[in-house]
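[1] The following block contains a protein sequence and its predicted model.
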Amino acid sequence: MSLNISYQGISLSGEGILVEVITQLNKDLTLSGIEYEFDIDSEKDKFIINLLNWIEATLSKNEDVLFNFLYRVDVNQQLIYSNDGLPQENLLKLILNRELQKVVLKRQYSSGSNSLFS
C-alpha cells in the first residue's frame, strides 16, 4: 500500500522524515499508555502496512484504546467515517497526516524561523 501523505510540501519520503514520524508516533503511543512500538528503521511501505495492521487489531480488540490514542494525537474522529474508503484506511491517513504535521511544525519552530528547513 502506497500513500502520498504530505504537509506544507513535505512528504513521508523526505530525508529523515519517516524516522521522525515513526518516532513521534511511538512517543504518542507511549503517552497514551499503549505498549507498542514501531521499528524506526522500517521502509515506508512496510511501516504503513504495520500501522494499518495495528489499527485493525486495536479496533477489533479494544476500540476505546484506539479512540484514546486518537484523542492524544488530536485526530478529528468525525473524519473517520466521512471520507471514501474503509474506516481503518481513513484512520491510517488521518494518523499519518497528523504525525507528519507535528514533525514539520516541530522542525519549523525549533529552528526559530518561519521557513521549514533553513
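    Great, that's in hand. Numbering: from 1, shown residues only.
[2] Quick one: the strands in the chain, in order.
    6-7, 10-11 (DSSP state E).
[3] Nearest approach to I34 belongs to which of these?
    Nearest to I34, of all the strands of the chain, is strand 6-7, at 23.7 Å by CB to CB. C-betas here are computed from N, CA, C, even on glycine.
[4] that older thread, go through the strands of the chain and name the closest to N90.
    Distance to N90, taken as CB to CB, is lowest for strand 6-7 among these, at 17.1 Å.
[5] Show the average pLDDT along that closest one.
    Per-region confidence: strand 6-7 scores 86 on mean pLDDT.
[6] helices or strands up against that strand?
    Applying 3 or more CB pairs under 8 Å, 6 or more residues apart in numbering; DSSP states H and E, we find strand 6-7 packed against helix 87-110.
[7] What ranges does the chain have for its helices?
    17-31, 44-61, 63-73, 87-110 (DSSP state H).
[8] show me the contacts for the residue lying closest to L51 once chain neighbours are set aside.
    Counting by CB to CB, 6 or more residues apart in numbering, L51 lies nearest to L92, which is 6.0 Å off, once chain neighbours are set aside. Contact analysis of L92 by CB atoms under 8 Å, 6 or more residues apart in numbering lists 3, 48, 51-52, 55.
[9] Reformat these as a markdown table; add distance to N76, pLDDT and neighbour count.
    Formatted as a markdown table, those follow (distance: CB to CB, whole Å; pLDDT from 0 to 100; neighbours: other CB atoms under 10 Å):
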| residue | distance to N76 | pLDDT | neighbour count |
| --- | --- | --- | --- |
| L3 | 18 | 77 | 16 |
| I48 | 20 | 95 | 20 |
| L51 | 18 | 96 | 21 |
| L52 | 19 | 95 | 18 |
| I55 | 16 | 95 | 20 |
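[10] Flag the shaky bits of the protein, pLDDT-wise.
    The model of the chain has pLDDT under 70 over residues 1-2, 83, 112-118.
[11] ok, now how distant is the most centrally placed residue in it from S111?
    Central residue of the chain (CA atoms, centre = their mean): L96, 2.9 Å from the mean position. Distance, L96 to S111, using CB to CB, to the nearest Å: 23 Å.
[12] Please consider this matter closed, and thank you.
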